[in-house]
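Trainee: got a predicted structure here, sequence first:
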Amino acid sequence: MANMSGSSSSDRSPRLSSRLESLIEELQAMSDKPASNKKLVREALKNAAKLRRRPKPDVTPVEFACKVLRKLRKSQQSHRRCQNKLRRSKKTIRRTRERLNASQEELHEAKYYLDIGDWAAHLCTTKEAWDSESAKRCLQKSPGSRCDDILANLTAEFALVRGWRANGEDITSAPDTPCFDRCRTLCTLAELDFGNYLQALRTSTDRNVLCHHPPPRIEDHLNADNTVNWRSLYEAGEDCRRRIQRDHRSGRLTNDRFHLFSNMIDWWFASYVRGWDEHNKAIPTHSSISARTSAINAVANRLTVAETFPPPEPYEPGKWDIIPHDE
């Protein structure tokens, strides 16, 4: 007599059993994945385990659970991708805002120095007006005639004074400060406070650095025999090109301005050299001849800093009180 109450392996549907085992494997794989919906997966596995004991399991609930979990996981993955994209967008916005703020600061700085620059230059020339005519001619030939050079000379002398102070202020080892002595004397004659003059000098120098970027000079690229090192001059121009390339990459220069500036560098060098021969030697233009002559004359007329300034004044107590103790 057939057993009507129990279940036997012959009563089980192989197709349904295979489908159930496949769904269970999928659920187990879901449970092993990070950030999975483990509670829902455990519940689905528990229900699937119960179905294993039935002769003809209805796998529809398990199929539905798997389908829901698949969609849920896909939704979660999409959500994470959106979050990552949002984080990247926020970083991009932050960097763009930082560049915008930096550009605005540079614009404000440029406007400030364009406005204040002539005022600072007035104070600097007020001091220089008290030079004798011979001293003015001498200074024009020197390497220290520009505000930038004067400030560099003063800064170097200030460093010597600070070192002297730090070493005990021995009068016998007091350093020479010819640039400071000259500037202080002229400020006294012009009834100009030296501290105010120093601030004006620094402002004028900052403005020059911001607003003036002249091309490389031939006189700085002469060989010992007074021939021009055209390759060195060319590389100096390429250094300028690399600088504007950095500005272009950072967004400070538009494409049009970058290409125009880059072309300007090419045109500048082409005004001196029309090309290179088969031996890689420069082929100078006609205008380069007069430019070379001017450069040679400029170098020949240069004076050293020592020739420019009168002998330094001897040290006396209080001479350097006006020099700041720190930078």
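Mentor: Noted; the coordinates are in hand.
Trainee: in this structure Leu40 contacts Arg70, no?
Mentor: No. At 11.6 Å, Leu40 does not count as touching Arg70 under the criterion of Cβ atoms under 8 Å. The way it works is simple: take the backbone N, C-alpha and C, and place the C-beta from them, glycine included.
Trainee: neighbour-wise, which of these two wins?
Mentor: Leu40 (16 against 12; other Cβ atoms under 10 Å).
Trainee: now the host helix or strand of Gln77: mean pLDDT?
Mentor: Assigned by DSSP states H and E, Gln77 falls within helix 60-128. The average pLDDT within helix 60-128 is 85.
Trainee: first-to-last residue distance for stretch 222-233?
Mentor: Stretch 222-233 has an end-to-end distance of 9 Å (Cα to Cα, to the nearest Å).
Trainee: how close does Asn101 sit to His108?
Mentor: Distance from Asn101 to His108, counting by Cβ to Cβ, to the nearest Å: 11 Å.
Trainee: break down the stretch 201-327 of the chain into its helices, ranges please.
Mentor: All helices of the stretch 201-327 of the chain, identified by DSSP state H, counting those that start in this stretch, fall at 230-249, 255-270, 286-300, 305-308.
Trainee: and those, which one is worst for confidence?
Mentor: helix 305-308 (a mean of 49).
Trainee: hmm, back to that, among the helices of the stretch 201-327 of the chain, which comes closest to Ala29?
Mentor: For the helices of the stretch 201-327 of the chain, proximity to Ala29 was assessed by Cβ to Cβ; helix 230-249 is nearest, at 46.7 Å.
Trainee: the closest one: which residues count as buried?
Mentor: For helix 230-249, a neighbour-count test (16 or more other Cβ atoms under 10 Å) marks Trp230, Leu233, Tyr234, Ala236, Gly237, Cys240, Ile244, His248 as buried.
Trainee: need the three-state assignment for the nearest residue to Lys38 once chain neighbours are set aside.
Mentor: Nearest non-adjacent residue to Lys38, counting by Cβ to Cβ, 6 or more residues apart in numbering: Ser31, 6.0 Å away. Three-state call for Ser31 (DSSP: H, G, I helix; E, B strand; the rest coil): helix.
Trainee: quick one: contacts for Ser31?
Mentor: Ser31 is in contact with Lys38, Val41, Arg42, Leu45, counting by Cβ atoms under 8 Å, 6 or more residues apart in numbering.
Trainee: ok, now how distant is it from Thr60?
Mentor: Taking Cβ to Cβ as the measure, Ser31 falls 21 Å from Thr60.
Trainee: and Asp148, which of the helices of the stretch 201-327 of the chain is closest to it?
Mentor: helix 305-308 (13.8 Å).
Trainee: show me how far stretch 119-129 is from its chain's centre.
Mentor: A distance of 33 Å separates the centroid of the chain from that of stretch 119-129, by Cα atoms, centre = their mean, to the nearest Å.
Trainee: and Pro310, what's its pLDDT?
Mentor: Value listed for Pro310 in the pLDDT field: 55.
Trainee: please apply the same query to the one 5 residues further on.
Mentor: Model confidence at Tyr315, given as pLDDT, is 77.
Trainee: got phi/psi on the nearest residue to it once chain neighbours are set aside?
Mentor: Setting aside the residues directly before and after it, Tyr315 is nearest to Ala174 in space (Cβ to Cβ, 6+ apart), at 3.8 Å. Main-chain torsions, Ala174, degrees, to the nearest 10: phi -60, psi 130.
Trainee: give me the number of residues near Ala174?
Mentor: Neighbours around Ala174, by other Cβ under 10 Å: 17.
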